[in-house]
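Colleague: Below is the sequence, then the predicted model.
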Amino acid sequence: QMTLVESGGGLVQAGGSLRLSCVVSGRPINNYAFGWFRRAPGKEREFVAGINRNGGETGYADSVKGRFTISRDDDENTVNLQMHTLKPEDTAVYYCAADYLSPIVRWLVGQYDHWGQGTQVTVSS
């Protein structure tokens, strides 16, 4: 069984930075593409960033492009999301998700097989 556990969320002032981590257990991650999603209060879960199985392709939502960076460390079974220049509108619960064997970045919630429980990010103005 594959388990994803997010960490690194918290309260930060606008303009600050946070680094989210998704530690995967149960299976090696080298066969998985990963995505980060977020859900703000009253809104649908939305794509934030994704990385394909070999790390050669990444994708970002327009709202975070240039500020967020997704990366993966297959040796550590970890996927990270580095977030800079945070804005109040980035406030949300952030989720890590895995898609088995995908050679490309997946952009849709329904394309992912496994999900973590989420970590709260709150950006104050």
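Modeller: The structure has been received and is ready for your questions. Every value quoted in this text rests on a predicted model; they were computed, and no experiment measured them.
Colleague: name the element the spatially most central residue of the chain belongs to?
Modeller: Residue closest to the average C-alpha location in the chain (Cα atoms, centre = their mean): W36, at 2.3 Å. W36 belongs to strand 32-39 when assigned by DSSP states H and E.
Colleague: Over to F47?
Modeller: Secondary-structure element containing F47, defined by DSSP H and E: strand 46-51.
Colleague: in its sheet, what does that strand sit against?
Modeller: strand 32-39 (antiparallel), strand 58-60 (antiparallel) (DSSP bridges).
Colleague: Can you mark which positions in the longest one are buried?
Modeller: Residues of strand 32-39 classed as buried under the neighbour-count rule (16 or more other Cβ atoms under 10 Å) are Y32, A33, F34, G35, W36, F37, R38. From N, CA and C alone the C-beta is placed, and that goes for glycine too.
Colleague: cool, stretch 96-106 as well?
Modeller: Neighbour counts over stretch 96-106 (16+ other Cβ under 10 Å) mark C96, A97, A98, D99, S102, V105, R106 as buried.
Colleague: Out of those, show me where the pLDDT dips lowest.
Modeller: Among these, S102 has the lowest pLDDT, at 87.
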